[in-house]
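Undergrad: sequence and predicted structure, then a few things I'm wondering about:
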Amino acid sequence: MSKLEKREAECRKHMKESTQIEQVATPVLSFPPNKNFPCMANVLDVQSNEEYGKYIVTKRDIEIGEIVMVEEGYVFDISSSEETSCITCLQSQKNLIPCDNCTDVMFCDHQCMETNENHKIGCGASYNRLHVCRMVIDSILKAVNAFANANDLNKFVECALATREFDSPTCNSREQKEYRSFLKLLAITETLDSVMAMNMVATQYHILSRLSAVKKLFDSEEKQRFLMHLILQHYSIIKRNSLGIHSESNIENQSNVIEIMPIHFSLFNHSCSPNIKYVKIGNKLVAFTVLPVKKGDQLFIQYIKELDNLETKERRDILRETFQFECKCSKCLPCVKVQDSLRMQLDPDFLFIHASRQTHFLDPEKRLILKDKAKRFLKRYNQFKWSDEIEWVSDGFSNCVKKDLGSN
């Protein structure tokens, strides 16, 4: 056997071993699914008011560590310079396979290649390398795939934007129902007239108008103007609701920043002291409780993790500028007293977690002990809602859950 043949045989052996070793976690809800929103547990409900718009509340008490939502991203974008994930399911694989007809995307297997309807339309357009445009173009292609002609799409969009209801019996398919829910999300408005936004729309329109399926659907000047307005609407929704998640890459010393645009997940409002945290598993976002939640409580996530170490004024300024709201959470308006913080710091469970967090984290059995201690501590001091100690223990519990779920 030649030297090259030996190397090939060794590579194939390692490829087979790596495929067998990597197991993908399949997270499931801790409760039966909601009848109207199957990605959400039936212990949650969607409500609305003038202050929050649409938001999610609990219909019963929920313990720490319960999975309450598992939702696939509607569209997503890998913003690193290297494509290291499947374009369909976002699984990180060492042995990705390329598209048969272009060099723009990779898939983890032939099933993901066959089920990606968007890429069948956009193959060869190379928009996947334009990371700012990618989610908007994919969301337009989802709309194109869901309707037979532009007139039906136009009427559907007008109807969806005319009412505040989140679901509708007029939807003829799952794709149309998802698209209607997407259109119902809050859109950013303050930057829509900027030169950058207009340039974005022009770039996305130029790419889309070259695709034969899009060109066929929008075959008149009136329909093309509608497409431009639709691109701007999609851009404003995605700009407001997408989440950036850091994920390890297969390339040494490199991380991916993956932007995911969920639908029902976007109904969680922000708090700098959230009672819900989330993790990305493949192309799914998994939300779980990190504080005890009482019946009727609203559920909150943290929109920008990087805000943790900022001073209150700077944190609130960024949230106001980015999302157009004034944060009034228990971290921005704290009420915990110094003596209460000292009592938490001397708590036996807190001292154990502080001493054992690093040594217990990697071992599954010891990690279970850490989680039990954290649950007990967080329940004991839940009346304070936020303190440095509560945040620290909550973060540690969250990291343990993410490790259990196999998140990278």
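TA: Great, that's in hand. Residues are numbered from 1 along each chain as shown.
Undergrad: pretty sure Lys403 contacts Phe361?
TA: Yes - in this structure Lys403 lies within contact range of Phe361 using Cβ atoms under 8 Å: 6.9 Å. Where you see a C-beta, it was placed from the backbone N, CA and C, and this is true even at glycine.
Undergrad: domains for this protein, by residue range?
TA: 75-243, 334-408 (automatic domain parsing).
Undergrad: export the ones you listed to TSV and tack on mean neighbour count?
TA: Formatted as TSV, the domains of the chain follow (neighbours: other Cβ atoms under 10 Å):
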stretch	mean neighbour count
domain 75-243	17
domain 334-408	16
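Undergrad: I'd like to know which of the ones you listed lies nearest to Arg7.
TA: When these are ranked by proximity to Arg7, the top entry is domain 75-243, at 16.3 Å, counting by Cβ to Cβ.
Undergrad: the closest one: end-to-end distance?
TA: End-to-end distance for domain 75-243: 11 Å, by Cα to Cα, to the nearest Å.
Undergrad: what's the closest non-adjacent residue to Ala374?
TA: Residue nearest to Ala374 in three dimensions, not counting chain neighbours: Phe397, with 4.0 Å by Cβ to Cβ, 6 or more residues apart in numbering.
Undergrad: that neighbour should be in a helix, yeah?
TA: Yes - counting by DSSP: H, G, I helix; E, B strand; the rest coil, one finds Phe397 located in a helix.
Undergrad: by residue count, what's the longest helix in the chain?
TA: As far as residue count goes, and with DSSP state H defining each element, the longest helix of the chain is helix 221-241.
Undergrad: ok, back up a step: mutual contacts of Lys403 and Phe361, please.
TA: In the contact map built from Cβ atoms under 8 Å, 6 or more residues apart in numbering, the residues linked to both Lys403 and Phe361 are Arg367.
Undergrad: leaving out sequence neighbours, find the closest residue to Ser271.
TA: The spatially closest residue to Ser271, leaving aside those adjacent along the chain, is Phe300, at 3.5 Å (Cβ to Cβ, 6+ apart).
Undergrad: tell me the contacts of the one you found?
TA: For Phe300, the contact set (Cβ under 8 Å, 6+ apart) comprises Phe268, Asn269, His270, Ser271, Ser273, Pro274, Asn275, Ile276, Cys329.
Undergrad: gap between stretch 369-378 and the chain center?
TA: Taking Cα atoms, centre = their mean, to the nearest Å, one finds the center of stretch 369-378 at 27 Å from the center of the full chain.
Undergrad: ok, stretch 339-353 next?
TA: For stretch 339-353, the distance between its averaged C-alpha position and the chain's averaged C-alpha position is 34 Å (Cα atoms, centre = their mean).
Undergrad: before we move on, what about stretch 164-183?
TA: Going by Cα atoms, centre = their mean, the spacing between the C-alpha centre of stretch 164-183 and its chain's C-alpha centre is 20 Å.
Undergrad: and it, how far apart are its ends?
TA: Terminal residues of stretch 164-183 lie 10 Å apart, using Cα to Cα.
Undergrad: what does that stretch contact?
TA: Contacts with stretch 164-183, where a contact means Cβ under 8 Å, 6+ apart, come from 36, 46, 48, 54, 74, 139, 142-143, 145-147, 156-157, 159-161, 184, 233, 237, 263-264.
Undergrad: could you do stretch 352-369 as well?
TA: Counting by Cβ under 8 Å, 6+ apart, Leu370, Lys373, Ala374, Phe377, Val393, Gly396, Asn399, Cys400, Lys403, Asp404 sit against stretch 352-369.
Undergrad: all strands of the stretch 101-250 of the chain, in order?
TA: In the stretch 101-250 of the chain, the segments counted as strands under DSSP state E, counting those that start in this stretch are 106-107, 243-248.
Undergrad: and these, which one averages the lowest pLDDT?
TA: Note on these: lowest mean pLDDT is at strand 243-248, with a mean of 72.
Undergrad: next helix or strand past it?
TA: Toward the C-terminus, strand 243-248 is succeeded by strand 255-261 as the next helix or strand (DSSP states H and E).
Undergrad: Lys277 - nearest residue in space that isn't next to it in sequence?
TA: That would be Ser398: by Cβ to Cβ, 6+ apart, it lies 4.4 Å from Lys277.
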